[in-house]
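[1] here are the coordinates; sequence isn't available:
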């Protein structure tokens with residue numbers, strides 16, 4: 001049996017569902033392992049996201065255990081400047097069900113799930129579910145640290161392209177779900193945040209390629 005066949009067997013063991021308040025402890029475990037303390041979101045922020053837009057907050061379960069999460073909001077339009085993207089921004093203030101922009105606010109995986117293609121699979125599956133429910137979404141945006149190579153590759157594979165930069169946005173050594181932060185030491189200073197976006201048609205095509213079907 002080759003590696004691709006083994007990965008397919010592993011993927012059949014995972015499931016995705018909408019998050020609930022009872023998942024918060026597990027979500028916080030994922031958050032603390034995936035990111036350095038300086039950019040950890042709080043329990044209250046995650047609970048607000050679940051309450052404001054429950055259709056856009058998902059958890060990944062591997063053999064019944066929460067091993068990752070994906071959360072997003074719908075905005076009226078693409079904002080400019082840093083304030084809309086700051087840590088702990090209010091989902092209640094920014095989310096709009098009638099908006100046309102899907103904003104991916106955070107994605108994270110436990111390190112034991114990395115290297116199995118689950119990051120891309122989770123991203124594609126969750127985006128697909130949101131697009132199916134909200135036909136008014138016309139584009140999608142996200143913010144990623146310039147040093148998060150694995151995350152950036154996933155987003156590029158999903159048709160996202162850079163459209164702007166926020167200088168000195170992320171504390172240096174901040175790492176995402178694919179980055180192996182255990183081997184890193186804090187360096188001080190800040191790294192650039194890269195703003196990326198894509199249109200609905202391109203995203204649907206990319207998601208379909210990952211999931212093996214159309215959105």
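    In hand now; what should we look at? On a predicted model such as this, the values are computed, not experimentally measured, just so you know.
[2] since we're on residue 89, how many residues are nearby?
    16 (other C-beta atoms under 10 Å). Glycine gets a C-beta too; all of them are placed from N, C-alpha and C.
[3] residues in contact with it?
    The neighbours of residue 89, taking C-beta atoms under 8 Å, 6 or more residues apart in numbering as the test, are residue 83.
[4] give me phi/psi at it?
    Taking degrees, to the nearest 10, you get phi -60, psi 150 for the backbone angles of residue 89.
[5] and if you look at residue 59?
    Phi and psi for residue 59, reported as degrees, to the nearest 10, are phi -120, psi 150.
[6] hang on, it packs against residue 15?
    No: contact criterion C-beta atoms under 8 Å: residue 59 and residue 15 do not qualify, at 9.2 Å.
[7] of these two, who's got more company?
    Between residue 59 and residue 15, counted using other C-beta under 10 Å, the more crowded position is residue 59 (23 against 12).
[8] Chain neighbours aside, what residue packs nearest to the residue positioned nearest the centre of the chain?
    For the chain, the residue nearest the mean C-alpha position is residue 107 (2.6 Å; C-alpha atoms, centre = their mean). Nearest residue to residue 107, sequence neighbours excluded (C-beta to C-beta, 6 or more residues apart in numbering): residue 70, at 5.0 Å.
[9] How much space separates that neighbour from residue 110?
    Residue 70 sits 13 Å away from residue 110, going by C-beta to C-beta, to the nearest Å.
[10] the more surrounded of these two?
    Higher neighbour count among residue 70 and residue 110: residue 70, with 25 against 19, using other C-beta under 10 Å.
[11] what sits opposite that one in the beta ladder?
    Beta-bridge partners for residue 70, by DSSP bridges, are residue 58, residue 107.
[12] Which residues are in contact with it?
    Contact analysis of residue 70 by C-beta under 8 Å, 6+ apart lists 57-60, 104, 106-107, 122-123, 126.
[13] Of those, select the buried ones using a PyMOL command.
    Only the buried entries of the contacts of residue 70 go into this PyMOL selection, using 16 or more other C-beta atoms under 10 Å:
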select buried, resi 57+58+59+60+104+106+107+122+123+126
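[14] between the contacts of residue 70, which is closest to residue 139?
    residue 104 (11.7 Å; C-beta to C-beta).
[15] next one: the one helix or strand the closest one maps to to chain centre, how far?
    Using DSSP states H and E, residue 104 falls within strand 101-109. Put simply, strand 101-109 sits 3 Å off its chain's centre (C-alpha atoms, centre = their mean, to the nearest Å).
[16] who does that strand touch, helix- and strand-wise?
    Where contact means 3 or more C-beta pairs under 8 Å, 6 or more residues apart in numbering; DSSP states H and E, strand 101-109 is packed against helix 24-34, strand 65-75, helix 118-133, strand 139-145.
[17] So what angle separates the directions of it and helix 118-133?
    Between strand 101-109 and helix 118-133, the angle comes out at 150 degrees (axes from the mean of the first three to the mean of the last three C-alpha atoms, to 10 degrees).
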